[in-house]
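**Student:** Predicted structure and sequence below. I'll ask about it afterward.
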Amino acid sequence: MNRLVASVFFPVTKFDDRSMERRFARHYRTTGLRWSRLAASIGFFLAIGFWGLVQLRVVDADWLHGRQLVRLVCAFLLLICFGVLCLRPRFAIKSYGVSIGVPCAIVCLSIALLIFLPPDIETQQSTRLAIAMTVACWLVYGFTRLPVWLAIMICGSSSSILVVGAHIYENEYLLAIIFYLLVVNVTGWVMLVNGERREREVFYLKSKLVAMAKYLRRVADENLEANKNKSDILTLISHDLRQPLLSAGLYLNSLLLRKSVASDFESLELVRKIKACTALIEDSVQRISEVAFIQKYKEILELSSVDLTPILARVSELFLGQAAGRSIDLRVRDSISCTSLSLTSSAEIWDVVANLVSNSIKYCDPNKKSWILVRLVKIENHFRLSIIDNGMGISEGFHGKIFEEYFQVENSRKGGDVGYGLGLSIVRDTVRRLPGHSLEMKSVLGRGTRFDLWIPVYEDGESNFRRGSLLPADL
């Protein structure tokens, strides 16, 4: 019970952190400034309205004498206060007690002192002043957000003066006036105390949320940087290991074709085991490469002049042995008679080509003589790099799905090669990151698949590709 009474009536405790207390005081005054403007405007219209009403209803009323002069002064004081709050908000916030407290004190004391001035009408009516004081206290407690002690001092002292005046003039409603003014002051006190307490709680929670948001943003930035570093490391590992592993596979295939090894059962078995281990490592490196590129696929890549002929030579060098190991006839054709300078990114275009050629090898049809054709031709201001095979092909129902992340078509048909289903998704995203590039696919189940990669020609340091025709396809 005592705790409840203390929480309702006694002022709230300030924040221990002085910086937070200063920030709350400024916030509390800033929000109170808007309500104080409303209170000043209401008080002005009430004062000027009652002044005008007396002028109209009372015969021979002197508008610059007695109570009428006090009402007029209060109205203009509130108008000046409203102007200061609107035009000089920084000054009002800095000197909050003076800018708002002084006008409130003058108006409330003026209402109380009206009881000692000659009445505007024949009989003295203290109850009217009690009503005016109730409204004034309601505006002070409910709108101004003055410090609790200052609001109590203004309203309490003014109410006490009015009660003393009512007692001097022996008002028959003295007890009612005392009761009403006591209720409005106690209610206003409770309202002001609990309003500030609620504002403090909201401000504290908001400050915590802001601090937490900053912390989470910092952690997110750190995680983003860590992911970027991780991706760079994974990309570096996969890039540095892939070519030596493919070369090792090529050399192992060469060993398998030698008669001296083929006739020696122990050497043949050893080479086959080494080849199996190399294949496992190669598959792991491929998965590392796929995971690394997931983090990077949203970045737009910078283009430069790249000769495509070495890329075709690299395809022959690294994939001929792998294809021969599966009895696949891999042919690489360059139909460009002159230079094959393109405007692209060397590393990314190689990853796309290597991924497509690797998929063609994986999805070869073991029941027929398999072949893969990699061909480069120039058509107007683009190169078309085609990877064509007569493998298993892809059902038409899967054409729109094979570029989705983690989508795989019957892993068992790949002879046990199980990946993450990210290869073609990365190919799609890489092509989208290369301005002016596009990728087209045609495939028939049981007959084979064709991928056409369109790459802009490099001419005089800039690309002349037609933006309206060969933009990255909506795969």
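**Tutor:** Great, that's in hand.
**Student:** Please count neighbours and contacts with C-alpha atoms only from this point.
**Tutor:** Noted.
**Student:** Now name the helix or strand holding Glu225.
**Tutor:** Counting by DSSP states H and E, the element that carries Glu225 is helix 174-257.
**Student:** Which elements pack onto that helix?
**Tutor:** On a contact count with 3 or more Cα pairs under 8 Å, 6 or more residues apart in numbering; DSSP states H and E, helix 174-257 meets helix 2-9, helix 18-57, helix 126-143, helix 148-168, helix 265-294, helix 309-325.
**Student:** Mind doing that once more with 6 Å?
**Tutor:** Other helices and strands packing on helix 174-257, by 3 or more Cα pairs under 6 Å, 6 or more residues apart in numbering; DSSP states H and E, are helix 265-294, helix 309-325.
**Student:** From the chain's centroid, how far away is the following helix or strand past the longest one?
**Tutor:** If you walk from helix 265-294 toward the C-terminus, the next helix or strand you reach (DSSP H and E) is strand 304-307. Taking the mean C-alpha point of strand 304-307 and that of its whole chain, the gap between them comes to 37 Å (Cα atoms, centre = their mean, to the nearest Å).
**Student:** do stretch 189-199 as well
**Tutor:** 35 Å.
**Student:** CA-only coordinates of it in CSV, if you can.
**Tutor:** This file holds the C-alpha atoms of stretch 189-199, laid out as CSV (Å, rounded to 0.1, in the frame of the first residue of the first chain):
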residue,chain,number,x,y,z
TRP,A,189,-0.4,16.3,-9.1
VAL,A,190,-1.1,12.6,-9.7
MET,A,191,-1.5,13.1,-13.4
LEU,A,192,1.7,15.1,-13.7
VAL,A,193,3.8,12.7,-11.6
ASN,A,194,2.6,9.6,-13.5
GLY,A,195,2.8,11.3,-16.8
GLU,A,196,6.5,12.0,-16.2
ARG,A,197,7.1,8.5,-14.9
ARG,A,198,5.5,7.0,-18.0
GLU,A,199,7.6,9.3,-20.2
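**Student:** What helix or strand is Ile394 located in?
**Tutor:** Ile394 is located outside every helix and strand, with elements delineated by DSSP H and E.
**Student:** For the residue lying closest to it once chain neighbours are set aside, give me the pLDDT.
**Tutor:** Nearest-residue entry for Ile394: Leu445, 4.8 Å, with adjacent residues in sequence omitted and distances by Cα to Cα, 6 or more residues apart in numbering. The predicted structure scores Leu445 at 88 on the pLDDT scale.
**Student:** mind listing what Leu445 touches?
**Tutor:** With contact set as Cα atoms under 6 Å, 6 or more residues apart in numbering, Leu445 has these partners: Gly393, Ile394, Ser395.
**Student:** Tell me which residue is most central in this protein.
**Tutor:** By Cα atoms, centre = their mean, the mean C-alpha position of the chain lies nearest to Arg217, the distance being 9.5 Å.
**Student:** tell me the phi and psi of Ile388?
**Tutor:** Its backbone dihedrals place Ile388 at phi -120, psi 140, with angles given as degrees, to the nearest 10.
**Student:** what separates it from Arg128, distance-wise?
**Tutor:** When Cα to Cα, to the nearest Å is applied, the distance between Ile388 and Arg128 equals 99 Å.
**Student:** Neighbour count for these two, which is higher?
**Tutor:** In this view Ile388 and Arg128 are compared by other Cα atoms under 10 Å, and Ile388 has more residues nearby, 23 against 12.
**Student:** so which helix or strand takes in the nearest residue to the more buried one once chain neighbours are set aside?
**Tutor:** Nearest-residue entry for Ile388: Arg450, 4.4 Å, with adjacent residues in sequence omitted and distances by Cα to Cα, 6+ apart. Counting by DSSP H and E, the element that carries Arg450 is strand 448-456.
**Student:** Which strands and helices lie in contact with that strand?
**Tutor:** Here strand 448-456 touches strand 382-389, strand 438-444, going by 3+ Cα pairs under 6 Å, 6+ apart.
**Student:** and stretch 30-42, average pLDDT?
**Tutor:** Computed over stretch 30-42, the mean pLDDT rounds to 91.
**Student:** From the rest of the structure, what touches it?
**Tutor:** Contacts made with stretch 30-42 from outside it, assessed by Cα under 6 Å, 6+ apart, are listed as Leu78, Phe82, Leu139, Phe143, Thr144, Arg145.
**Student:** try it again with 10 Å
**Tutor:** Stretch 30-42 has contacts (Cα atoms under 10 Å, 6 or more residues apart in numbering) with 24, 26-27, 29, 43-44, 46-47, 75, 77-86, 89-90, 92-94, 96, 100, 103-104, 136, 138-140, 142-146.
**Student:** do stretch 89-96 as well
**Tutor:** With Cα under 10 Å, 6+ apart as the test, stretch 89-96 has contacts from 25-34, 81, 83-86, 98-102, 144-147.
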